[in-house]
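[1] Whatever this is, show me its structure:
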Amino acid sequence: MSQSSQRYVDFIGGLMPLYQQEDVQGLWGARSLRDGTLILPQREIDDGLDDDRVTVWWQGDVQRATDTDGSQLASIALVDYVQFHSVGKASQHATDLLEHLSQHFTFKTGGNLYLPYAEEELRAFGRILEVIKNYGPDLALDALKKSLGF
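    The predicted structure follows:
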C-alpha cells in the first residue's frame, strides 16, 4: 500500500462533515456523506504510476472504480469543505481558510493541492466579492475594468 496514497485518503476523511473515515476490507478509506462515494488508498502500486494515486468507488460501487490523482481529488474535496464552512461568513474567511488548509495539506501529506488561484489572487477575489456585496455588481464591474485597463 502506498504511504502517500493513504495520507491523502486520511486527509480527505478528516474533512467532516462532508467525509468520514471508514474501514473497508482492512483499508481505511474516506466515505462521502453526500453520495456514498468511497476513496481508498492504492493496495498495490504499479512502478509506472505515481505514489499518490487513489482508488474511487463511485457511490460506493466497487464495479464503478476509478484510479485517479489523489492531490486533484483532495483539491476538490478541500474546496467543497471551505465552501461548506464559509456559508454566511465574510469572503475573507474562505480565502484565509483555503490558504491555511492548503498549507496543512502539504504538511500532512507532503503533496500539493491544485488550486487555480494564487494567494494574492484569492485575496483580490475576496475584495471583489466584498465590493459586490456592499455596492452592487455594476460598481464592482466598473472598478474591475478600470483595474485591468479597460
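[2] mind checking which helix or strand residue 56 is in?
    strand 53-57 (DSSP states H and E).
[3] With just CA atoms, put that strand into CSV.
    Extracted in CSV, the C-alpha atoms of strand 53-57 (Å, rounded to 0.1, in the frame of the first residue of the first chain):
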residue,chain,number,x,y,z
ARG,A,53,-2.9,7.7,-6.8
VAL,A,54,-6.2,6.7,-5.0
THR,A,55,-9.0,4.4,-5.9
VAL,A,56,-12.5,5.8,-6.0
TRP,A,57,-15.6,3.6,-5.8
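[4] Pull out the buried residues from the longest helix anywhere in the chain.
    Secondary structure of the chain per DSSP state H: the longest helix is helix 91-109. If you call a residue buried by 16 or more other CB atoms under 10 Å, then helix 91-109 has these buried ones: 91, 94, 95, 96, 97, 98, 101, 102, 105, 109. Where C-beta positions appear, they are placed from N, C-alpha and C, glycine not excepted.
[5] In space, what's closest to the second one - neighbours in sequence excluded?
    On the basis of CB to CB, 6 or more residues apart in numbering, the spatially nearest residue to residue 94 that is not a chain neighbour turns out to be residue 86, at 3.9 Å.
[6] so who does that neighbour touch?
    93, 94, 97 (CB atoms under 8 Å, 6 or more residues apart in numbering).
[7] will you turn those into CSV that also has pLDDT and distance to residue 13?
    Compiled in CSV, the contacts of residue 86 are given as follows (pLDDT from 0 to 100; distance: CB to CB, whole Å):
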residue, pLDDT, distance to residue 13
93, 90, 24
94, 88, 22
97, 92, 18
